[in-house]
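Student: Kindly generate the corresponding structure for this input.
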Amino acid sequence: MLRDFDNDKITLVKADGTVAKEGVPALVTGEKIFTADKELSVEVGDYILRALPNGLVEKYEVTDPKYYDVGNAKDAHYQIDVARAGTPQAQPAVVQGITNNFTGSNSRVNIHSIDNSTNVSADFSSESLHDFVEQVRPVLSQLPKDAQDIVEAQLITIEEEADKSTPANKMRVFSALQSIKSVAEGASGNLVAAGILSLIGALI
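Tutor: The predicted model follows:
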């Protein structure tokens with residue numbers, strides 16, 4: 001059965017939004033995910049992303065990661081119980097000082113789709129990524145201190161992709177945006193966080 005565990009490739013995102021590992025061979029069956037990657041540091045509350053051929057990305061929340069060592073090291077594996085992560089509700093209006101001016105093909109995304117998938121099929125343009133960073137970075141000081149460092153690290157990742165001469169790595173940008181989104185959602189009631197969420201919604 002272990003040979004079937006490389007049917008899919010998944011990305012592990014920690015609860016704080018940090019991308020822990022990409023391209024992990026796995027088998028996704030809906031409510032369970034199997035992987036023979038014994039070094040995977042997966043915990044309850046983490047998220048697993050699976051990119052689909054049609055450009056959509058499935059998002060699962062880890063509810064119970066179980067490690068099985070059946071007495072034969074080569075057959076050891078994880079059986080991870082998961083739940084499909086729902087789409088966040090509409091966010092409050094943008095705070096003054098953050099202007100949402102993103103346009104383009106990505107605006108066609110169905111935010112409240114029934115399948116809870118996130119559309120990342122469109123390319124992220126260097127201009128839109130730089131605009132996002134330039135609007136978020138000046139207001140970071142208005143976020144909780146523990147959130148500032150996480151968001152800044154992800155902004156650096158987005159800048160790196162925006163500065164490339166080749167098209168940005170969509171999965172890497174998406175993961176960074178998801179990380180910032182998780183932090184902003186955790187700062188409930190913060191108007192700057194609400195504005196950041198609105199900007200992210202325009203990108204993905």
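Student: Any stretches of the chain with poor pLDDT?
Tutor: By pLDDT under 70, the low-scoring segments of the chain are 1-5, 70-74, 86-123, 188-189.
Student: Can you name the element that comes right after the lengthiest strand in it?
Tutor: Ordering each strand of the chain by length in residues (DSSP state E) puts strand 56-68 first. Heading C-terminal from strand 56-68, the first helix or strand you meet, by DSSP states H and E, is strand 77-84.
Student: how about the helix or strand harbouring T157: buried residues?
Tutor: Assigned by DSSP H and E, T157 belongs to helix 145-162. Neighbour-count burial for helix 145-162, with 16 or more other C-beta atoms under 10 Å as criterion, is recorded at A147, I150, V151, Q154, L155, T157, I158, E159, E161, A162. C-beta: built from backbone N, CA, C; applies to glycine.
Student: Not counting its own residues, what contacts stretch 140-159?
Tutor: Stretch 140-159 is contacted from outside by 16-18, 129-130, 132-133, 136-137, 172-173, 176-177, 179-180, 183-184, 186-187, 190, 192-193, 196, using C-beta atoms under 8 Å, 6 or more residues apart in numbering.
Student: try 10 Å
Tutor: 16-19, 95, 97, 124, 126, 129-130, 132-134, 136-137, 139, 168-169, 172-173, 175-184, 186-187, 190-193, 195-196, 203 (C-beta atoms under 10 Å, 6 or more residues apart in numbering).
Student: now it, how far from the chain's geometric center?
Tutor: Mean-position distance between stretch 140-159 and its chain equals 15 Å (C-alpha atoms, centre = their mean, to the nearest Å).
Student: now do stretch 42-60
Tutor: 8 Å.
Student: ends of that stretch, how far apart?
Tutor: End-to-end distance for stretch 42-60, by C-alpha to C-alpha, to the nearest Å: 12 Å.
Student: Fine, thanks again, bye for now.
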